[in-house]
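Peer 1: Provided below are the primary sequence and the corresponding predicted coordinates.
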Amino acid sequence: MSMCHNLDKHNIVKYIDCFQTIYGKALVFESLDISLFDYMEMKDFAPMLLSDIRTIIQQMATAFDALKGIGVIHTDVKLDNIMMVNHHQRPFEVKLIDFGLAIPTSQAKKFRGRQIFEIMTRTELMESIQSYKPSVSSVSQVRVLLIGPVGAGKSSFFNSINSVFRGHVTNQAMSGSSTTSLTTQFRSYSLKAGREGKPLPIILCDTMGLEENAGSGLATDDISNILKGHLPDRYQFNPSAPLHSEAHGYCKSSDLKDKIHCVAYVTDACKVSIMPKKMEEKLEATRKKVNLMGIPQLVLLTKVDEACPLVTEDVRNIYRSYYIRQKMQEVSTRLGVPLSCVVPVKNYSEELELDPNCDILLLCAVQQMLRFADNYFDDISDQLSNMKVKE
């Protein structure tokens, strides 16, 4: 905020100075009293007088008008960000603070938007997924490979999708926090619509986490074998010795139904900016292998609630958050995939009950996987048709 605008005269916190630290730039603002939230908490959230409410609203209107004049949108207005100047001597004189999520009005164009929470309901999405059928008759279930760094949320994503269709939070796949991968086996998880329900038309394939150092984590050669359908379920990974074609358990003959039809790179939104160079190189090498095989790819951007306080408050704010949009653009650039292929999700990690809005995000991700797989099957069908024409 430039001081030339005298924003502090318009109920906006006064900027004083800035200086550089080892952690980045620090900003200095005037000292204020307590937030409106803290004030209401002190009063046990007793109803406020209409005259006091009117006073606060008038001051906020003044602040918004000043921001509009310089082309800025705050995007994170809440009681915590409305500060009292001095609630003893100057009752209900307030100022707007915290512009960490503010954006220029020029960048406030609609971005996917909240319509996914309004147009498609959780039930409609579930029914759409349950009724899906691959366009290739030889395949009954789409196989999606989950790849990503340790702790990004691959196993948690399966657990979350499983939870949605089971109707309660589950933890079938081993997940949690660790510096090394908790998943040590290749797992092909089939999903069911309810405990005794029919299998869903999608299988989520979980792998060992990627690690930046050579000889640790999921090996690139094992990824190739998974893509081609050569690795059996419950294969025990050995980072220093990938499975070779003559080894016991190697599936030499594989059909289209055994291969991977879509790859999802699982990435932690909190760690996109600090992704190690070696990890980027591993992901790039993997992406090139997948590209050569013509398999569609998308990115699951996880832990969006931990990355942005706006989403922490309400997951429906996910497409209103400029910060999340920045993270989506950044991961799109780093991994070399189109922005339209980046899907933000929130996995279940500490919750005991399901959240319908969280479910909608998760189900939209599955829906995209099925659509991408359809593209892959269409390409396969076109290749077969061209071969028949040549014959």
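Peer 2: Sure, I can see it.
Peer 1: distance-wise, check Asp255 relative to Ser138.
Peer 2: Look at Asp255 and Ser138: by Cβ to Cβ, to the nearest Å, they are 7 Å apart. Yep, even glycine has a C-beta here, placed from its N, CA and C like the rest.
Peer 1: my bad, Leu50
Peer 2: Distance, Leu50 to Ser138, by Cβ to Cβ: 69 Å.
Peer 1: equivalent analysis for Cys341, please.
Peer 2: Taking Cβ to Cβ, one finds Cys341 at 26 Å from Ser138.
Peer 1: okay, the two: which has more neighbours?
Peer 2: Shown here are Cys341 and Ser138; by other Cβ atoms under 10 Å, Cys341 has more neighbours (17 against 10).
Peer 1: pretty sure Thr75 contacts Thr105?
Peer 2: No - if you go by Cβ atoms under 8 Å, Thr75 and Thr105 don't touch, sitting 10.8 Å apart.
Peer 1: so the two - more neighbours on which side?
Peer 2: Thr75 (17 against 12).
Peer 1: measure that one to Leu300 for me?
Peer 2: Noted for Thr75: a distance of 24 Å to Leu300, by Cβ to Cβ.
Peer 1: is Leu96 in a bridge, and if so with what?
Peer 2: On the basis of DSSP bridges, Leu96 is bridged to Ile12, Ile82.
Peer 1: let me see the contact set for Lys346.
Peer 2: 302-305, 311, 315, 318, 358, 361-362 (Cβ atoms under 8 Å, 6 or more residues apart in numbering).
Peer 1: ranges for the helices of this protein?
Peer 2: 36-42, 50-69, 116-119, 122-130, 154-166, 220-227, 277-292, 304-307, 309-313, 322-335, 356-390 (DSSP state H).
Peer 1: can you tell me which of the ones you listed comes nearest to Lys192?
Peer 2: Lys192 lies closest to helix 154-166 among the helices of the chain, at 6.6 Å (Cβ to Cβ).
Peer 1: output the contacting helices and strands for that closest one.
Peer 2: helix 122-130, strand 142-147, strand 185-192, strand 199-206, strand 262-268, strand 297-302, helix 356-390 (3 or more Cβ pairs under 8 Å, 6 or more residues apart in numbering; DSSP states H and E).
Peer 1: so can I have JSON lines of these showing distance to Asp221 and mean neighbour count?
Peer 2: Listed next are those as JSON lines, based on distance: least, Cβ to Cβ, whole Å; neighbours: other Cβ atoms under 10 Å:
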{"stretch": "helix 122-130", "distance to Asp221": "33", "mean neighbour count": "15"}
{"stretch": "strand 142-147", "distance to Asp221": "14", "mean neighbour count": "25"}
{"stretch": "strand 185-192", "distance to Asp221": "13", "mean neighbour count": "18"}
{"stretch": "strand 199-206", "distance to Asp221": "16", "mean neighbour count": "21"}
{"stretch": "strand 262-268", "distance to Asp221": "16", "mean neighbour count": "25"}
{"stretch": "strand 297-302", "distance to Asp221": "19", "mean neighbour count": "24"}
{"stretch": "helix 356-390", "distance to Asp221": "22", "mean neighbour count": "17"}
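Peer 1: weakest of these in terms of mean pLDDT?
Peer 2: Lowest mean pLDDT within these: helix 356-390, a mean of 87.
Peer 1: elements contacting that one?
Peer 2: Using 3+ Cβ pairs under 8 Å, 6+ apart: helix 356-390 touches helix 116-119, helix 122-130, strand 142-147, helix 154-166, strand 199-206, strand 262-268, strand 297-302, strand 342-344.
Peer 1: what's the angle between that helix and helix 122-130?
Peer 2: Angle, helix 356-390 to helix 122-130, by axes from the mean of the first three to the mean of the last three Cα atoms, to 10 degrees: 30 degrees.
Peer 1: now distance to Phe92 too, for the helices and strands packed on helix 356-390, in a markdown table please.
Peer 2: Output for the helices and strands packed on helix 356-390, formatted as a markdown table (distance: least, Cβ to Cβ, whole Å):
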| stretch | distance to Phe92 |
| --- | --- |
| helix 116-119 | 35 |
| helix 122-130 | 42 |
| strand 142-147 | 52 |
| helix 154-166 | 44 |
| strand 199-206 | 54 |
| strand 262-268 | 42 |
| strand 297-302 | 41 |
| strand 342-344 | 39 |
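Peer 1: looking at those, which is nearest to Ala61?
Peer 2: helix 116-119 (28.1 Å).
Peer 1: low-scoring pLDDT stretches of the stretch 51-200 of the chain, where are they?
Peer 2: The model of the stretch 51-200 of the chain has pLDDT under 70 over residues 107-120, 174-182.
Peer 1: repeat that for 80
Peer 2: Residues of the stretch 51-200 of the chain meeting the criterion pLDDT under 80: 100-101, 106-120, 173-183, 195-196.
Peer 1: check contacts around Tyr323.
Peer 2: Tyr323 makes contact with 101, 307-308, 310, according to Cβ under 8 Å, 6+ apart.
Peer 1: by neighbours, which of those residues wins?
Peer 2: Sorting the contacts of Tyr323 by how many neighbours each has (other Cβ under 10 Å) puts Cys308 first, at 25 neighbours.
Peer 1: neighbours of Lys154, just the number please.
Peer 2: Around Lys154 there are 32 residues (other Cβ under 10 Å).
Peer 1: ok, and the closest non-adjacent residue to it?
Peer 2: With sequence-adjacent residues excluded and distances taken as Cβ to Cβ, 6 or more residues apart in numbering, Lys154 is closest to Leu146, at 4.2 Å.
Peer 1: what separation do you get for that neighbour and Ser156?
Peer 2: 10 Å.
Peer 1: do the same with Val94
Peer 2: 41 Å.
Peer 1: repeat that for Val169.
Peer 2: 11 Å.
Peer 1: what's the answer for Lys327, then?
Peer 2: In terms of Cβ to Cβ, Lys327 sits 18 Å off from Ser156.
Peer 1: same check, this time on Cys251
Peer 2: Distance, Cys251 to Ser156, by Cβ to Cβ: 28 Å.
Peer 1: for these two, indicate the residue with more neighbours.
Peer 2: The residue with more neighbours, out of Cys251 and Ser156, is Ser156; 22 against 15, by other Cβ under 10 Å.
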